[in-house]
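K.L.:
The following block contains a protein sequence and its predicted model.
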Amino acid sequence: MEEMKQDIARIQRATDVARPTSIDSCLHTWIDNHIPASVDDNPPHPHSIKSQPDFHTRAEIDQIVEGIYRALESTEERLDGRCDDIYFPMDLSISALTSKIEAIQWELVGIQS
């Protein structure tokens, strides 16, 4: 009987070594087991950073705003043109044909006179 228990124990040890670990047998990790994040005890010195003054004259602000509006207008015009090219290609081809017809009519008038 004792020999049989030893054989069973030896077989179990052999199968435990050969058996891949199961995800169920792993110890659960807990959030509380981790060391909490530390607050930076040595923040950078505020005097080490040289910053620019945070004020502008009224004229500088007006120039900046004017530049922004100019950029917006030109971007809007380009976007409108691009959308027209994409969404209204027939209108472009019809207007191109119309202008060609008008040019040919002017040539005919020139030839006839």
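P.N.:
Right, received. Where do you want to start? As the structure is a prediction and not an experimental result, all values here were calculated from the model.

K.L.:
Quick check on residue 88: phi, psi?
P.N.:
phi -130, psi 50 (degrees, to the nearest 10).

K.L.:
Check it and give its pLDDT.
P.N.:
Per-residue pLDDT puts residue 88 at 73.

K.L.:
can you tell me which residues contact it?
P.N.:
Contacts for residue 88 were tallied using C-beta atoms under 8 Å, 6 or more residues apart in numbering; there are none. Heads up, the C-betas are built off the backbone N, CA and C, glycines and all.

K.L.:
can I have stretch 89-105 written out in PDB, keeping just the CAs?
P.N.:
Output of stretch 89-105 as PDB, limited to C-alpha atoms (Å, rounded to 0.1, in the frame of the first residue of the first chain):
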ATOM      1  CA  PRO A  89     -17.900  68.800 -61.700                       C
ATOM      2  CA  MET A  90     -20.800  69.000 -64.300                       C
ATOM      3  CA  ASP A  91     -21.200  72.700 -63.500                       C
ATOM      4  CA  LEU A  92     -17.600  73.200 -64.200                       C
ATOM      5  CA  SER A  93     -17.700  71.300 -67.500                       C
ATOM      6  CA  ILE A  94     -20.900  73.100 -68.600                       C
ATOM      7  CA  SER A  95     -19.500  76.500 -67.800                       C
ATOM      8  CA  ALA A  96     -16.300  75.600 -69.600                       C
ATOM      9  CA  LEU A  97     -18.300  74.500 -72.700                       C
ATOM     10  CA  THR A  98     -20.300  77.700 -72.500                       C
ATOM     11  CA  SER A  99     -17.200  79.900 -72.400                       C
ATOM     12  CA  LYS A 100     -15.800  77.900 -75.400                       C
ATOM     13  CA  ILE A 101     -19.000  78.400 -77.300                       C
ATOM     14  CA  GLU A 102     -19.000  82.100 -76.600                       C
ATOM     15  CA  ALA A 103     -15.300  82.300 -77.800                       C
ATOM     16  CA  ILE A 104     -16.200  80.400 -81.000                       C
ATOM     17  CA  GLN A 105     -19.200  82.700 -81.600                       C
END
